[in-house]
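In: pasting the structure only:
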């Protein structure tokens with residue numbers, strides 16, 4: 001039986017761990033879907049910066065973007081996927097384990 005190192009950081013999801021993506025995932029875990037402008041304001045990002053980070057989350061399968069029109073205005077809704085929710089919960093568990101080990 002091998003002892004696991006409680007300080008091993010190799011299994012931390014780098015896609016989520018980036019600061020802006022972390023904020024996006026945290027917000028989407030409570031409000032999904034979120035409208036692009038609402039999410040941008042909540043995480044304090046620019047349109048371009050948020051778009052770049054959403055693309056990384058989308059490529060990982062953590063979010064889905066839905067583009068539609070409301071009235072005559074375009075609207076993008078961001079949905080947290082089931083894979084995204086699982087990854088988010090795994091990230092939270094890993095952070096809790098690291099904090100517990102550091103106590």
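Out: Received it, and whenever you're ready, just let me know what you need. Here the structure is a predicted model, which means the values were calculated and not measured.

In: At which residues are the helices of the chain located?
Out: Using DSSP state H, the helices assigned to the chain run over residues 14-17, 19-28, 36-43, 47-59, 82-102.

In: which one of the ones you listed is the most hemmed in?
Out: Mean neighbour count (mean count of other CB atoms under 10 Å) peaks for helix 19-28 among the helices of the chain, with a mean of 19. C-betas here are computed from N, CA, C, even on glycine.

In: Which secondary structure elements does it sit against?
Out: helix 14-17, helix 36-43, helix 47-59, strand 73-80, helix 82-102 (3 or more CB pairs under 8 Å, 6 or more residues apart in numbering; DSSP states H and E).

In: Give the rounded mean pLDDT of it.
Out: Helix 19-28 shows a mean pLDDT of 97.

In: angle of that helix against helix 82-102?
Out: 110 degrees (axes from the mean of the first three to the mean of the last three CA atoms, to 10 degrees).

In: Could you tell me the angle between helix 19-28 and helix 47-59?
Out: Angle of helix 19-28 versus helix 47-59, following the same axes, to 10 degrees, is 70 degrees.

In: Provide the contact partners of helix 19-28 at residue level.
Out: The contact list for helix 19-28 (CB atoms under 8 Å, 6 or more residues apart in numbering) reads 15-16, 34, 39, 42-45, 49-50, 53-54, 56-57, 62-63, 78-80, 84, 87-88, 91.
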